[in-house]
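Q: structural data only, the sequence is not supplied:
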C-alpha cells in the first residue's frame, strides 16, 4: 500500500511537470509567433542613396571597379528639390549618388518643407549627419502600413495625388540614415535574372545595358549601414532593422557595406576615403 502511494504520488508529480513544461512551451511558441507576426514583412528596400560633394569623382570610383553607370544625360534631376543623382542599376535595386544641383532651389524647397532633412543631409560634411538614405517600398501599397511617424512630401514631377513619405525623425535624428517610402509608380524595377531582363520585349533595348556590370554584380543581397552615436531604439531604426537583408548599427564612422550575389566572388573593394562605401562581390 505504501509503495502504491509513492508510485501514485510520483505519477502525479510527473504529470504536473509534463503539463508545466507543455504550458511553458506553448507560451514560448505563442511568443515566437507574436514576434514573427510583428516583423513588417510588407516593407522592402527599394533603393539606397549616398550624399556626395563630388559626384563625378564618386561615380568614377565605382566605374573603376567594374560598375556600369546610367549616362548623365539620362540621370534624373529632382526639379523643385535642388538635387540630382548619378545612378547604378542592379537587378533588384539601384544606388543613387545624390548631390546638390541648385543650392538656391534646395533652400527654397526647405522653406516649403520644413520637416524634411534635405539641407541637413546635404551639409553632412559639417554637421556629421549620416550621408545615407534608404528608400523603402510597401507590398500591396497602403500608407497605413508605414510603421513610423511620417511626413508627406510632394513635388510637381510626381504623379498627381502621389506622395513620398519621409520618416519624421530623419530631420531630428541626423545620425540615422534618412528613411523614406516611395509610392508604387516610382518603385525600382526588379528582374529575377539577366536572362529574364533580356527577354523583355522592347523597341529600344539600350536601357538593359545599364544593368550589366563588367565586375559581374547582379543583385544586392545585403546592406549594412554603420552610423556614429546611433540610437538603435528609435521607432524608425527598429522598423528598418526588421527588414530582410538590411542592418543598421552603431559604430565609429558612417559606412555602407554592400554585398552582391551573397559575396560569391569573395572580392572586396574599400572606396574610403573618397566614398564611405565597401563593395563585396
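A: Yep, that arrived. What you are looking at is a predicted structure, and each value in this text was computed from that prediction instead of being measured.

Q: so after the worst-scoring helix or strand of the chain on mean pLDDT, what's the next helix or strand?
A: Least confident helix or strand of the chain, by mean pLDDT, DSSP states H and E, is helix 2-38 with a mean of 44. Later in the chain than helix 2-38, the nearest helix or strand by DSSP states H and E is strand 43-51.

Q: who's in contact with that next one?
A: Residues outside strand 43-51 that contact it (Cβ atoms under 8 Å, 6 or more residues apart in numbering): 58, 85, 93-99, 121-122, 124, 131-139, 145, 147, 178, 182, 187-188, 220, 223, 239-240, 242-246, 256, 275-277. To be clear about C-beta, it is placed using only N, CA and C from the backbone, and glycine gets the same treatment.

Q: show me these that map onto helices.
A: Counted as lying in helices by DSSP state H, out of those, are 58, 121, 122, 124, 239, 240.

Q: related to what we said a few turns ago, put the buried members of the contacts of strand 43-51 into a ChimeraX selection.
A: To isolate the buried subset of the contacts of strand 43-51 in ChimeraX, counting by 16 or more other Cβ atoms under 10 Å, use the following:
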select :58,85,93,94,95,96,97,98,99,121,122,124,131,132,133,134,135,136,137,138,147,178,182,187,188,220,223,239,240,243,246,256,275,276,277
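
Q: from the contacts of strand 43-51, which ones fall inside strands?
A: 85, 93-99, 132-138, 178, 220, 223, 246, 256, 277 (DSSP state E).

Q: surely residue 231 and residue 249 touch.
A: No - in this structure, residue 231 is not within contact of residue 249 by Cβ atoms under 8 Å, at 11.7 Å.

Q: farthest pair in the ones in helices among the contacts of strand 43-51?
A: Pairwise distances across these peak at 28.7 Å for 58 and 239 (criterion: Cβ to Cβ).

Q: residue ranges with poor pLDDT in the stretch 1-150 of the chain?
A: Counting by pLDDT under 70, the ranges of the stretch 1-150 of the chain that qualify are 1-40.

Q: try it again at 90.
A: Regions of the stretch 1-150 of the chain meeting the criterion pLDDT under 90 cover residues 1-42, 75-76.

Q: please apply the same query to the stretch 151-281 of the chain.
A: Scanning the stretch 151-281 of the chain for pLDDT under 90 picks out 155-161, 202-204.

Q: ok, which stretches of it are strands?
A: 164-167, 178-181, 220-228, 246-251, 255-260, 268-270, 277-280 (DSSP state E, counting those that start in this stretch).

Q: reformat those as JSON lines; add distance to residue 75.
A: Putting the strands of the stretch 151-281 of the chain into JSON lines (distance: least, Cβ to Cβ, whole Å) gives the following:
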{"stretch": "strand 164-167", "distance to residue 75": "19"}
{"stretch": "strand 178-181", "distance to residue 75": "19"}
{"stretch": "strand 220-228", "distance to residue 75": "19"}
{"stretch": "strand 246-251", "distance to residue 75": "25"}
{"stretch": "strand 255-260", "distance to residue 75": "20"}
{"stretch": "strand 268-270", "distance to residue 75": "23"}
{"stretch": "strand 277-280", "distance to residue 75": "19"}
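
Q: closest to residue 110 out of those?
A: Among the strands of the stretch 151-281 of the chain, the nearest to residue 110 by Cβ to Cβ is strand 164-167 (12.9 Å).

Q: for the closest one, packing partners?
A: Contact partners of strand 164-167 among helices and strands, from 3 or more Cβ pairs under 8 Å, 6 or more residues apart in numbering; DSSP states H and E: strand 150-153, strand 178-181.

Q: out of the ones you listed, deepest packed?
A: Ranked by mean neighbour count under mean count of other Cβ atoms under 10 Å, the helices and strands packed on strand 164-167 are led by strand 178-181, which reaches a mean of 24.
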